[in-house]
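Asks: Coordinates for the following, if possible.
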Amino acid sequence: EGSATVGGIYNSTHDTRDASKLEEYRDLGNGALSNIFVRGRRDRTWFDGYGENFGRDDQYLMLRGGIYDLFKYKIYSDSLPHNFLFDGRTPFTGAGSGQLTTTFPQPDPSTWNSLNIGYKRTDNGGFFEWQGLAPWYFRVDLNQVEFDGTKIGSGANGTSPGNGFTDLIFPTQYKTKNASAEGGYSSGNLTASLSYLYSKFENDLQTFTW
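Replies: Alright, predicted model coming up:
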């Protein structure tokens with residue numbers, strides 16, 4: 001009563017509530033909440049700084065500023081969790097790695113391995129834009145998006161559809177690096193630009209076996 005088995009993943013809670021749904025996209029762990037905003041203005045220079053949830057999985061940091069009519073910039077770090085399951089059970093060992101192993105049958109879920117399923121997405125980046133030759137401008141953007149954790153997937157038990165599928169814990173350890181450069185002319189009557197984008201995807205685990 002109050003538990004559910006789905007293939008190779010088991011919810012071990014004793015009621016129908018799953019805390020991961022309340023914290024699916026946020027970190028509600030014990031601790032102090034934080035929120036800081038600072039601003040500075042002078043004759044030619046300016047900046048804004050903002051940060052919240054320092055040290056948590058949903059932390060956000062941002063700093064932007066510049067010199068009026070000359071340049072502006074922004075740097076940031078944006079983190080977001082995606083939790084799928086807290087205090088789950090699986091008969092497999094090696095959850096989070098590129099290899100899952102087990103021995104069947106294992107009819108008693110209380111003897112299975114405990115785990116949490118979810119990943120953290122972190123986007124770090126920024127831009128710099130030169131405006132000193134307005135209406136001509138030049139801009140560079142850089143960022144890296146990283147996923148770290150696990151997610152729920154499944155694998156076929158054989159080549160025949162009749163063999164069925166087994167729920168698995170997929171490792172999620174990859175990043176995408178982006179860089180772009182743009183230059184152009186922008187006025188009230190005309191906007192023209194030329195840009196170049198470079199993007200590279202990297203997966204820390206090239207293979208996954210079970």
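
Asks: Relative to Pro135, how far out is the most far-flung residue of the chain relative to its centre?
Replies: For the chain, the largest distance from the centre (C-alpha atoms, centre = their mean) belongs to Asn189, which lies 40.0 Å off. Counting by C-beta to C-beta, to the nearest Å, the separation of Asn189 from Pro135 is 10 Å. C-beta here means a position set from N, CA and C on the backbone, and glycine is covered the same way.

Asks: Which strand or helix spans the residue farthest from the centre of the chain?
Replies: For Asn189, there is no enclosing helix or strand under DSSP states H and E.

Asks: Render the CA-only coordinates of the strand or helix carrying Thr150 in PDB, please.
Replies: For Thr150, the host element (DSSP H and E) is strand 136-156. Presented in PDB, the C-alpha positions along strand 136-156 are these (Å, rounded to 0.1, in the frame of the first residue of the first chain):
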ATOM      1  CA  TRP A 136      28.300  50.600 -36.000                       C
ATOM      2  CA  TYR A 137      28.600  47.900 -33.300                       C
ATOM      3  CA  PHE A 138      30.500  44.700 -32.500                       C
ATOM      4  CA  ARG A 139      29.300  42.000 -30.000                       C
ATOM      5  CA  VAL A 140      30.700  38.700 -28.600                       C
ATOM      6  CA  ASP A 141      28.600  36.100 -26.700                       C
ATOM      7  CA  LEU A 142      30.000  33.100 -24.800                       C
ATOM      8  CA  ASN A 143      28.300  30.500 -22.700                       C
ATOM      9  CA  GLN A 144      28.400  26.900 -21.500                       C
ATOM     10  CA  VAL A 145      25.400  24.800 -20.600                       C
ATOM     11  CA  GLU A 146      26.200  21.800 -18.400                       C
ATOM     12  CA  PHE A 147      24.000  18.900 -17.200                       C
ATOM     13  CA  ASP A 148      25.100  16.800 -14.300                       C
ATOM     14  CA  GLY A 149      23.100  14.000 -12.700                       C
ATOM     15  CA  THR A 150      20.800  11.200 -13.800                       C
ATOM     16  CA  LYS A 151      17.400  10.800 -15.500                       C
ATOM     17  CA  ILE A 152      14.900   8.000 -16.100                       C
ATOM     18  CA  GLY A 153      15.100   5.900 -19.300                       C
ATOM     19  CA  SER A 154      14.500   2.400 -20.500                       C
ATOM     20  CA  GLY A 155      16.200  -0.300 -22.500                       C
ATOM     21  CA  ALA A 156      14.800  -3.200 -24.500                       C
END
